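Colleague: A predicted structure for the sequence below; I have some questions about it.
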Amino acid sequence: MNNLSTRALAIIEILKKLNHPVSSLALSEEVGCSTKTIQSEIKDINKQLKDTKIVSIRGVGYKLEGKIDINECSNNHIGNIDRIEFIIKTMLNLNLQEEKSIKLEELADAMFISVSSVKNDLKEVKEILSRYNINIVSKHKHGIGVDANEEEIVRGIIDLCSRKDNELVLQDFLSEYVSNKVFNLKNEILKYLNNEDLILSDIEFKNLCSTIFIKLSRSNYYNYENFIESYIKSYKVKRESIMNDNVNKEKITKAIALFCKNLKLATAIDISKDEFFMECLYNHINNLIKKDKLGICNYNVVNDDVKIKYPYAYELAKIAKKTIENELGLKIGEDEVSNIAVHVGGAVERYSSNKKRKVFKVIIVCASGAGTSMLINTKLQQLFKDRIEIVKIIPSYLIDYIDSASVDFLISTMPLEYDKMPVINVSPFLTEKEIKIIEKFMDTGYVYEDVNVKDFFDRDLYFTDLDFKNKDEVLNFMSDALLKNDIIDEEMKASYFEREEIATTEIGNMVSMPHGAKGNIKENKIVVGILKEPIDWEYGKVRLVIMLALNNEKILDYEQVFSSIYNKLDTTSKVVNICENKSYEKFIKLF
C-alpha cells in the first residue's frame, strides 16, 4: 500500500485531469503550498509509485505519465488524512484531554512529518480558525493551545462539520461517552422538545442536537437529562424572543430596494417591481438574521451547482451580498450567495418574460419556391401563434414596395439588409437559435447576433506582464485600451469603476471579469490582462483580468458567453498556466 499524503493525492488528481504540463507555481496555487513543497511531494510520489511517474519538462512543468487509480494510493495511515484537518481536530479537542496544550513535536510525530512542516500547516489552520474567532496561542514550554470563547468553539465545530470543503465530521469532536449514547440523547431531546411544544425544521433540529452533543462532550456533565431539559427551556425563551422580533424589517426592505437600484445601475435590469422576489428575498434575509442569532448553521447542498451552472445569476447575487452586508452588517458566505442567486435568477427570468407582449406583424421574404415559404410560414404559426401575424410572403425584389408603417419586422430566408425596419435572417428550416433570436427580438426590440465567444478576443487587446499595484490602475489601463481603439466611450469607461464599487467582479481562481452597464459599446470585444504578480482585489488575489465590452442587447446568449469564460477558468492551476505561458495562441485555443 502507498502512504501518500492528501497533498500528494491532490497533485496526482490535478495532473490526471489535464493533458498539458502544469508548472510548479500553478500546482502550488491550486494545492495551497510553496513550490518547494510541490517539488518535495513529487519526489515522494515518484518514489512510491511503480507504474506511474510525474516527469519534469524543463521550462514547461510537470506531466503525469502512465495510468493510475487514485483509490490505490490510499490507506488508513495518518498520511492520508488531511494534515490541516488533523491539526484542527487535535487543537479543538484539547480540552477533552488532561493536558490543554500540545507540543509541535507531538503533532509532527503523529503525522510522521517534520516540525517545520507542522509550522507551515499551522499557518493555514490559524487562518481557518480565525474565521470563528478561535486563536491558536503559544503555551511556552507546554507547546500550543486554543484561546476562544466556548460558544465560538462550539459554533466553529458545527460549521466546519457542515462544510463540503473538508472531511471533518461531528463524530471527530464527540467524547466516547456521548458517542455511545447518541441514540439515547436524541430521544431525550425529542422528549423535551415535545414537552415545550417546540416543532423545529430539520436543519434547526440537527443544529440543536449537534450543539448539545458537543457541549456535553466538552464538559464533565454526566447527568445529561437535566442538561438537555435546562438547555431546551432556555433555547425556547431565546428562540421566541428572536422569532417575534421584527426590528430589522425596515432595514431589510431598504437593503433590498438598494440592491435593486444597484442591480439596475450595473446591468440595466429592473426587478424592483417584482413583488414575489421582494417577498421571497425579505423572508430569506430575515430568516438568515434569526438563524445567525440562534447559532444555526446552514447545511447548503447546492452552492457548487449554482456557481457552475448559473455563474451569471451568481455574479448578480454578489451585488446583493455587498449591499446587504453594508446595510445590515451581516456576514454572507458563499453558500448564502448561492441561495440568493436562486432568487435573483428567477426574478431576472421573470423580468425578461413579463415585458408587455404585443402581436407582431411580420412579412416573410423568401427567394425559394412556394414549398419553402409555406414550410416556414407553418412553423412560425405553430411556434408563435399568439405573438406573430404573418401579413404576407413576398420575394426579395418587392421589399421596396412594403408599407413599413403596417409591419413590425421582416423574416428573410436569404441574406438581407433593409434600412427601413429590422430584419431577422433565418434558414428555411428555422434552427433553435434562430427561433430564440425571433423570441428575443419580440421581447426586447433588438436583433441579437449568434456569436462565438472566441470572436470577441483580439491579439491587440491581449496584454501580458502588466505591472500594476492595485485594481484601479488595472481597470484604467484596460478600459483606456478600449477607449483608444474606439470600442467604448468615456461613459462606458467610467462604468467599469462604478460597477466595481457596487460589487467586486472577482470570480475566484485569481480571476476578475470587469464589466459595465452604461455608455456606448461600438464593437463587442474582450480585453485580456495578465499581471506579472497577483494583486489584492477586494476579497482575494487576482492575476488574470478579463474585461468585457459586450452589448448584451445584441448578443443572443450573453449569459452563455459569461458561463463559457467562467467554466474555462475553473481552477487556479489553469489560470496560473495561462499567466505563466502568456501565449495568445494557447489562450484562444481554450475557447
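Modeller: Ah, there it is.

Colleague: can you map out the strands along the chain?
Modeller: Assignment of strands within the chain using DSSP state E yields the ranges 53-57, 61-65, 135-138, 144-147, 360-365, 388-394, 409-412, 423-425, 457-466, 506-508, 511-512, 525-536, 541-549.

Colleague: Now render these as a markdown table, adding distance to L590, mean neighbour count and mean pLDDT.
Modeller: To be clear about C-beta, it is placed using only N, CA and C from the backbone, and glycine gets the same treatment. As requested, the strands of the chain are arranged in a markdown table below (distance: least, Cβ to Cβ, whole Å; neighbours: other Cβ atoms under 10 Å; pLDDT from 0 to 100):
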| stretch | distance to L590 | mean neighbour count | mean pLDDT |
| --- | --- | --- | --- |
| strand 53-57 | 20 | 15 | 87 |
| strand 61-65 | 17 | 19 | 86 |
| strand 135-138 | 41 | 13 | 92 |
| strand 144-147 | 45 | 17 | 92 |
| strand 360-365 | 39 | 20 | 90 |
| strand 388-394 | 39 | 16 | 88 |
| strand 409-412 | 35 | 22 | 90 |
| strand 423-425 | 30 | 17 | 89 |
| strand 457-466 | 10 | 15 | 94 |
| strand 506-508 | 15 | 20 | 87 |
| strand 511-512 | 13 | 24 | 94 |
| strand 525-536 | 11 | 19 | 94 |
| strand 541-549 | 11 | 23 | 94 |
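
Colleague: Distance to N120 added to the ones you listed, as CSV?
Modeller: Output for the strands of the chain, formatted as CSV (distance: least, Cβ to Cβ, whole Å):
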stretch, distance to N120
strand 53-57, 21
strand 61-65, 21
strand 135-138, 14
strand 144-147, 14
strand 360-365, 66
strand 388-394, 66
strand 409-412, 65
strand 423-425, 61
strand 457-466, 30
strand 506-508, 24
strand 511-512, 26
strand 525-536, 20
strand 541-549, 19
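
Colleague: Out of those strands, flag the one nearest Y192.
Modeller: strand 144-147 (30.6 Å; Cβ to Cβ).

Colleague: Put the alpha carbons of the closest one into PDB.
Modeller: Listed next in PDB are the C-alpha coordinates belonging to strand 144-147 (Å, rounded to 0.1, in the frame of the first residue of the first chain):
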ATOM      1  CA  ILE A 144       0.400  25.500  21.800                       C
ATOM      2  CA  GLY A 145      -3.200  25.700  22.800                       C
ATOM      3  CA  VAL A 146      -6.600  27.300  21.900                       C
ATOM      4  CA  ASP A 147      -7.800  30.700  23.100                       C
END
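
Colleague: Tell me where the model's unsure across the stretch 301-450 of the chain.
Modeller: Across the stretch 301-450 of the chain, residues meeting the criterion (pLDDT under 70) sit at 301-304, 353-357, 368-371, 450.

Colleague: go again using 50 as the cut-off
Modeller: Under the criterion of pLDDT under 50, none of the stretch 301-450 of the chain is flagged as low confidence.

Colleague: Touching stretch 396-405 from outside, list them.
Modeller: Outside of stretch 396-405, the residues within contact range by Cβ atoms under 8 Å, 6 or more residues apart in numbering are 363, 365, 367, 394, 410, 412, 414, 416, 418, 420-421.

Colleague: repeat that for 10 Å
Modeller: 363, 365-367, 391-392, 394, 410, 412-416, 418-421, 423 (Cβ atoms under 10 Å, 6 or more residues apart in numbering).

Colleague: How is this protein divided into domains?
Modeller: The record's domain split for the chain, according to automatic domain parsing, is 6-73, 81-173, 176-243, 249-352, 360-444, 453-589.

Colleague: list the contacts for N552?
Modeller: Under the criterion of Cβ under 10 Å, 6+ apart, the contact list for N552 reads 267-269, 312, 444, 446, 448, 515, 517, 521, 524, 558-559, 561-562.

Colleague: from those, which single one is nearest D489?
Modeller: Minimum distance to D489 across the contacts of N552 is 8.4 Å, recorded for I521 (Cβ to Cβ).

Colleague: Give the bridge partners for the closest one, please.
Modeller: Under DSSP bridges, the beta-bridge partners of I521 are I488.

Colleague: For it, the count of nearby residues, please.
Modeller: Residues contacting I521 under the criterion other Cβ atoms under 10 Å number 20.

Colleague: Show residues contacting stretch 110-128.
Modeller: With contacts defined as Cβ under 10 Å, 6+ apart, stretch 110-128 is touched by 3, 5, 7, 32-34, 37, 40, 77-79, 81-88, 90-91, 102-109, 134-137, 144, 156, 160, 165-166.

Colleague: Among those, which ones are in helices?
Modeller: Taking DSSP state H, the ones among the contacts of stretch 110-128 that sit in helices are 7, 37, 40, 83-88, 90-91, 104-109, 156, 160.

Colleague: Only whichever of those are buried, select them in PyMOL.
Modeller: Applying 16 or more other Cβ atoms under 10 Å to the ones in helices among the contacts of stretch 110-128, the buried members can be selected in PyMOL as follows:
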select buried, resi 7+37+83+84+85+86+87+88+90+91+107+108+156+160
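
Colleague: where does the stretch 51-200 of the chain have low pLDDT?
Modeller: When the per-residue scores of the stretch 51-200 of the chain are filtered using pLDDT under 50, the ranges that remain are 75-81.

Colleague: Might you report the residue contacts of S373?
Modeller: Contact criterion Cβ under 10 Å, 6+ apart gives 364-367, 393-395, 413, 428 as the residues in contact with S373.

Colleague: One more pass at 7 Å, please.
Modeller: S373 sits next to 364, 366, 393 when contact means Cβ atoms under 7 Å, 6 or more residues apart in numbering.

Colleague: Distance of G445 relative to A517?
Modeller: Using Cβ to Cβ, to the nearest Å, one obtains 18 Å as the distance from G445 to A517.

Colleague: When these two are compared, which one has more neighbours?
Modeller: Just comparing G445 and A517: by other Cβ under 10 Å the higher neighbour count belongs to A517, 18 against 12.

Colleague: Quick check, that one in contact with K264.
Modeller: No - counting by Cβ atoms under 7 Å, no contact exists between A517 and K264, whose distance comes to 8.3 Å.

Colleague: if I look at the most centrally placed residue in the chain, how far off is E315?
Modeller: Of all residues in the chain, the one closest to the mean position by Cα atoms, centre = their mean is K307, 3.9 Å from it. With distances taken as Cβ to Cβ, K307 is found 10 Å from E315.

Colleague: L569 too?
Modeller: With the distance defined as Cβ to Cβ, L569 ends up 13 Å from E315.

Colleague: who's more crowded, those two?
Modeller: With neighbours defined as other Cβ under 10 Å, L569 and E315 compare such that E315 has more, 25 against 19.
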